[in-house]
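Trainee: Here is my input; please provide its structure:
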Amino acid sequence: MHKSFLFTALALVITFFLLALADFIPFWMPMMGEMVALVMVTVLLLIWAGLIVSETANDEREVNIKSQSGRVAYVAGMLVLMLALVLQGLAHAIDPWIPVVLAVMVSTKLLARLYLDRQ
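Mentor: So this is what the prediction gives:
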């Protein structure tokens, strides 16, 4: 792995977590403009991380590593959403976005698997 890619990935993860945790700081109440800026930067960072940053695999080992990391990320996302669904279900206040995102993740994975198996 190239040092520049490793540095970019690490900076991206740290920046995302700092932005995501900015809402949970109890002593800081941002004004409306600051909140909009935080949301915009977080959304742009997610779009950049998810769509623009691309990895290229040069050999079979790198293809396998890329595939395994995608599987681990999918399982981690599923576990977090399932935990949120269970906790909110116990509190009798389920956010409708959680089951929607869960259903989109599962159906997308299933449809992609069916499509790619046909090739």
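
Trainee: Quick check: buried residues in the helix ranked longest in the chain?
Mentor: Looking across the chain with DSSP state H, the single longest helix is helix 60-90. By neighbour count on 16 or more other CB atoms under 10 Å, the buried set for helix 60-90 is 81, 84, 85. All C-beta spots, glycine's among them, are computed from the backbone N, C-alpha and C.

Trainee: which stretch of helix or strand covers the nearest residue to the first one once chain neighbours are set aside?
Mentor: It refers to residue 81. Distance criterion CB to CB, 6 or more residues apart in numbering; nearest residue to residue 81, sequence neighbours excluded, is residue 102 at 4.8 Å. Element membership of residue 102 [criterion: DSSP states H and E] is helix 97-118.

Trainee: Give me the contacts around that helix.
Mentor: Contact with helix 97-118 is made by 74, 77, 78, 81, 82, 84, 85, 88, as judged by CB atoms under 8 Å, 6 or more residues apart in numbering.

Trainee: How confident was the prediction at the residue nearest to residue 81?
Mentor: Residue 102 is assigned a pLDDT of 85 by the prediction.

Trainee: Relative to residue 67, how far out is it?
Mentor: Going from residue 102 to residue 67 by CB to CB, to the nearest Å gives 22 Å.

Trainee: and if you look at residue 83?
Mentor: Using CB to CB, residue 83 is found at 25 Å from residue 67.

Trainee: Low-confidence ranges, the chain, go.
Mentor: Residue ranges of the chain with pLDDT under 70: 1-3, 5-6, 16, 19-30, 50-57.

Trainee: circling back: where's the residue nearest to residue 81 relative to residue 77, distance?
Mentor: Distance of residue 102 to residue 77, computed by CB to CB: 9 Å.

Trainee: give me the number of residues near residue 106?
Mentor: Neighbourhood size, residue 106 [other CB atoms under 10 Å]: 13.
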